[in-house]
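Colleague: structural data only, the sequence is not supplied:
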């Protein structure tokens with residue numbers, strides 16, 4: 001169920017569009033798909049692993065508060081033009 005819902009949510013994102021474009025350009029479609037999949041794993045596995053370890057030490061409510069503050073600060077910087 002998780003795999004299906006993840007696929008539906010991420011359908012059409014920039015990674016899939018890039019994969020389709022590369023697969024259309026190069027004849028080795030399987031190699032393109034394998035390469036993009038490996039690249040996503042290299043990028044996502046450490047983030048998931050470290051995020052899970054972080055949540056063992058810091059309460060989720062604190063993580064949400066820090067993330068909200070960061071997004072608010074970025075919004076202010078974007079409006080000011082920094």
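Modeller: Perfect, thanks for sending it. The structure presented is a predicted model; accordingly, all values stated were derived computationally and were not measured.

Colleague: surely residue 36 touches residue 14?
Modeller: No: under the criterion of CB atoms under 8 Å, residue 36 is not in contact with residue 14, lying 11.3 Å apart. Glycine gets a C-beta too; all of them are placed from N, C-alpha and C.

Colleague: so between the two, which is more surrounded?
Modeller: Using other CB atoms under 10 Å as the criterion, residue 36 and residue 14 rank with residue 36 on top: 17 against 7.

Colleague: so which other helices or strands are in contact with the lengthiest helix in the chain?
Modeller: Secondary structure assigned by DSSP state H gives helix 29-57 as the longest helix of the chain. Helix 29-57 is packed against helix 14-25, with contacts defined by 3 or more CB pairs under 8 Å, 6 or more residues apart in numbering; DSSP states H and E.

Colleague: next, the angle from the helix it packs on to helix 29-57.
Modeller: On the basis of axes from the mean of the first three to the mean of the last three CA atoms, to 10 degrees, helix 14-25 is oriented at 160 degrees to helix 29-57.

Colleague: now helix 14-25: mean pLDDT?
Modeller: Across helix 14-25, the average pLDDT comes to 86.

Colleague: and it, what's buried?
Modeller: 19, 22, 23 (16 or more other CB atoms under 10 Å).

Colleague: mind checking pLDDT for residue 10?
Modeller: Predicted confidence (pLDDT) for residue 10: 70.

Colleague: my bad, should have said residue 1
Modeller: As predicted, residue 1 sits at a pLDDT of 66.

Colleague: likewise residue 80?
Modeller: On pLDDT, residue 80 comes in at 94.

Colleague: tell me how many other residues surround it.
Modeller: Neighbours around residue 80, by other CB under 10 Å: 7.

Colleague: can you check residue 50 too?
Modeller: Number of residues near residue 50 (other CB under 10 Å) recorded here: 10.

Colleague: same question for residue 32.
Modeller: 19.

Colleague: wouldn't it be in contact with residue 26 here?
Modeller: Yes: look at residue 32 against residue 26 with CB under 8 Å: they come within range, at 5.8 Å.

Colleague: the residue nearest to the spatial centre of the chain and residue 76, how far apart?
Modeller: Closest to where the C-alpha atoms of the chain average out (CA atoms, centre = their mean) is residue 44, at 6.6 Å. Going from residue 44 to residue 76 by CB to CB, to the nearest Å gives 29 Å.
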